[in-house]
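>>> quick one: sequence and predicted model below, then my questions.
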Amino acid sequence: MDSNQCKIEWNGLALEAWEARFAKLKRATLLQSYDYARAACPLYRQKARWGLIYIDEAEAGLVQVMEAGLPGNIIHAVMLDRGPLWFDGFGAPAHMAAFFAAFNREFPARFGRRRRVIPETADAALLLESGFRRLERPGYQTVWVDLQQDEQALRAAMKPQWRNKVNKGEKAGLQIEWDETGETLPELLTIYQSDKSTKGYDGPSVKLLRAMAKTFIPQGRFLAGRTVLDNQPIAAILILCHGSAATYQVGWSSEDGRKTAAHNHLLWQAACRLKDKGIKDFDLGGVNDDADNPGAKGIKQFKEGMGGQTLTYAGHFF
């Protein structure tokens with residue numbers, strides 16, 4: 001077999017086997033998780049394929065794609081979002097190139113097929129060399145926090161202003177209520193939808209959040225938290241866990257919450273709670289430098305203030 005030859009074995013793993021391998025991945029993304037597909041596919045009338053990637057006959061990684069189309073796939077769409085994901089020892093440019101060669105063999109570009117690839121790599125040239133075309137959009141950015149550090153190191157990594165706000169929230173004696181069963185979800189989603197509409201920021205739809213909660217809660221992979229002052233919520237967050245990683249999905253803060261730094265305090269306490277649960281990587285979610293969106297700069301500054309690593313991926317290809 002030629003060096004770096006890639007094969008993708010589709011839907012060959014039972015759920016338990018997929019989850020066991022997924023848990024070994026570093027920085028496993030929400031959109032590549034089995035639970036995400038189970039939640040999103042019925043909502044969007046799609047089906048999922050789960051792929052085990054082999055490089056030179058060795059298990060090398062995992063990939064999940066979503067598909068939609070007419071019978072016979074005369075009209076066909078295939079979406080690969082924030083993958084593939086690699087096991088230790090794999091993921092080099094040569095492995096990535098071999099993967100996309102195999103992807104192209106499975107889903108060649110043709111009339112009637114729409115492909116969307118948002119790869120978990122910063123190497124745009126590799127995608128172009130693999131025959132993909134790039135949409136004129138900036139690369140996807142997110143902030144990852146390494147929860148394998150001890151708490152002292154995590155606090156030291158925060159930007160001074162962010163750390164001061166955590167200290168302020170702690171001194172305010174704010175009460176935090178945690179929810180792993182979805183009891184507070186209806187209230188959180190009502191506030192989130194209103195806040196999103198008022199401020200005009202991007203974010204998942206309420207329908208998708210409800211569907212994901214329904215899937216993640218029974219698996220013990222749902223965490224909501226809210227800060228309460230005088231029996232009223234002043235800040236809230238929603239986090240979903242997947243493998244050994246977690247994603248900050250929704251956040252909200254009232255005026256009182258901003259005055260007391262409740263959101264910073266809440267997110268810090270959530271990170272500590274995730275760390276205690278064995279979560280290793282915390283994805284704070286997408287950020288951008290959109291000059292036309294006045295809230296984008298503030299969101300990016302807030303997330304980067306926690307002290308994680310901001311990564312910019314190659315972007316959107318087809």
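Yep, it's here.
>>> which residues sit against stretch 41-60?
1, 3-13, 18, 21, 34, 37-38, 40, 61-68, 79, 84, 86-87, 90, 95, 98-99, 207-208, 211 (Cβ atoms under 8 Å, 6 or more residues apart in numbering). Where C-beta positions appear, they are placed from N, C-alpha and C, glycine not excepted.
>>> now, those that are in helices?
The helices, defined by DSSP state H, take in 18, 21, 34, 37-38, 40, 95, 98-99, 207-208, 211 from the contacts of stretch 41-60.
>>> so which of those residues wins on neighbours?
Among these, the one with the most neighbours (other Cβ atoms under 10 Å) is Phe99, at 28 neighbours.
>>> Arg105 versus that one, what's the distance?
Computed with Cβ to Cβ, to the nearest Å, the distance linking Phe99 and Arg105 is 11 Å.
>>> related to what we said a few turns ago, which of the ones in helices among the contacts of stretch 41-60 lies closest to Gly298?
Nearest to Gly298 among the ones in helices among the contacts of stretch 41-60, counting by Cβ to Cβ, is Leu208 at 23.9 Å.
>>> so who does the closest one touch?
By Cβ under 8 Å, 6+ apart, the contact list for Leu208 reads 39-40, 43.
>>> check Gln249 too.
By Cβ under 8 Å, 6+ apart, the neighbours of Gln249 are 30, 204, 209, 212, 238-240, 285.
>>> next: Phe132.
100, 115, 117, 317-318.
>>> quick check, pLDDT for it.
For Phe132, the model assigns a pLDDT of 97.
>>> same question for Asn293.
Model confidence at Asn293, given as pLDDT, is 66.
>>> for Ala37, same thing?
Taking Ala37 on its own, its pLDDT is 97.
>>> how near is it to Lys303?
For Ala37, the distance to Lys303 - Cβ to Cβ - is 26 Å.
>>> again with Glu16
Counting by Cβ to Cβ, the gap from Glu16 to Lys303 is 34 Å.
>>> the more surrounded of these two?
Lys303 (22 against 8).
>>> next up, the contacts around that one.
For Lys303, the contact set (Cβ under 8 Å, 6+ apart) comprises 143, 248, 284-285, 287.
>>> helix or strand for it, which one?
Under the criterion of DSSP states H and E, Lys303 resides in helix 294-304.
>>> same thing with Thr310?
Judged by DSSP H and E, Thr310 forms part of strand 309-312.
>>> quick one: contacts of that strand?
Contacting residues not belonging to strand 309-312 are listed as 122, 139-146, 287, 304 [Cβ under 8 Å, 6+ apart].
>>> now tabulate the contacts of Leu208 in a markdown table and tack on distance to Gly220.
Output for those, formatted as a markdown table (distance: Cβ to Cβ, whole Å):
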| residue | distance to Gly220 |
| --- | --- |
| Ala39 | 15 |
| Ala40 | 20 |
| Leu43 | 22 |
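>>> which of those lies closest to Thr181?
Using Cβ to Cβ as the measure, the one of the contacts of Leu208 that approaches Thr181 most closely is Ala39, at 16.9 Å.
>>> I figured the closest one was touching Ile217, is that so?
No. Contact criterion Cβ atoms under 8 Å: Ala39 and Ile217 do not qualify, at 10.8 Å.
>>> how about the helices in this protein?
Along the chain, counting by DSSP H, helices occupy 15-22, 34-44, 93-106, 124-129, 151-157, 160-171, 185-199, 206-216, 255-259, 262-276, 294-304.
>>> highest average neighbour count across those helices?
helix 262-276 (a mean of 21; mean count of other Cβ atoms under 10 Å).
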